[in-house]
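# what's the 3D shape of this:
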Amino acid sequence: MGDRWHVEVDRSVCIGSGLCVGNAPEGFTLDSARQSHPRAADIDANEQILAAAESCPVEAIAIALLESGEPVFPPED
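Sure thing, here's the model as predicted:
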C-alpha cells in the first residue's frame with residue numbers, strides 16, 4: 001500500500017495563478033475569487049499533485065504524509 005498525503009492550500013498566500021489546476025486538474029480547483037482549493041484533502045501520493053505544489057509561484061500548497069504529518073512539500077530546511 002502506498003503513501004497517503006494531506007494537501008492544504010494557504011489561501012492567504014494563494015495568488016490564483018492557476019498553475020496548480022493546469023498541472024493537476026483532478027487535484028485542484030479555483031473558486032470564483034480565483035483561490036485554489038484541493039478537490040480532496042486526503043489523497044494517495046500522486047506525482048501530478050507534487051508537480052502542482054512545486055510549480056506554485058508562492059508555495060501556497062503544502063503536502064504532508066497523512067499518518068505522520070511529515071512534510072513532503074515544501075521540504076523542511
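
# Just give the closest residue to G69, not the sequence neighbours.
Residue nearest to G69 in three dimensions, not counting chain neighbours: H6, with 7.7 Å by Cβ to Cβ, 6 or more residues apart in numbering. C-beta coordinates here come from the backbone N, C-alpha and C atoms, glycine included.

# any idea how far I15 is from V9?
For V9, the distance to I15 equals 11 Å [Cβ to Cβ, to the nearest Å].

# intersection of neighbour lists for the two?
Taking Cβ atoms under 8 Å, 6 or more residues apart in numbering as the criterion, V9 and I15 both touch A60.

# And these two? Which one has more around it.
Between V9 and I15, counting by other Cβ atoms under 10 Å, V9 is the more crowded of the two (19 against 13).

# What's opposite the more buried one in the beta bridge?
Assessed by DSSP bridges, V9 has beta-bridge partners I61.

# any weak-confidence spans in the chain?
1, 77 (pLDDT under 70).

# which helices and strands does the biggest helix by length in the chain pack with?
In the chain, taking DSSP state H as the definition, the longest helix is helix 47-55. Counting contacts by 3 or more Cβ pairs under 8 Å, 6 or more residues apart in numbering; DSSP states H and E, helix 47-55 packs against strand 4-9, helix 19-23, strand 61-65, strand 71-73.
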